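# Provide a 3D model corresponding to the input given below.
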Amino acid sequence: MEIQIEVQVFANGAKFLQSGSCSVITTDFRTEQEWTAAISAYEWIKKIKNSVRYPNDFQIVSVVYNGENDITDLVRKVHPIIKDNLPF
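Residues are numbered from 1 along each chain as shown. Down below sits the predicted model:
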């Protein structure tokens, strides 16, 4: 399933708007719409940040999905999970 994401970021002393679509797992989206959207938006923002190489002053100003659902605070709470593949 696809959702529409609009992200406002602050970098280099200016605000930028980036929009596009993100894939979400349909079953997860049905049970926890906002959290599932926040995780997908976080991953999408991370890809944008890495591809454009924004500077250290990069900040998320706002994140909206499907035109009306503000998930800015949830996206800021998302943190990557580091998989531990160590044998002990």
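# Quick one: find the helix or strand in this protein with the lowest mean pLDDT.
The helix or strand of the chain with the poorest confidence is helix 33-52; it has a mean of 86 (mean pLDDT, DSSP states H and E).
# and that one, which residues are buried?
Neighbour-count burial for helix 33-52 flags 33, 36-42, 44-45, 48 (criterion: 16 or more other Cβ atoms under 10 Å). C-beta coordinates here come from the backbone N, C-alpha and C atoms, glycine included.
# same thing with stretch 62-79?
In stretch 62-79, counting by 16+ other Cβ under 10 Å, buried: 63-65, 71-72, 74-75, 78.
# where exactly do the helices run in the chain?
With DSSP state H as the criterion, the chain has helices at 26-31, 33-52, 72-77.
# Please tell me how far T31 sits from I25.
Counting by Cβ to Cβ, to the nearest Å, the separation of T31 from I25 is 10 Å.
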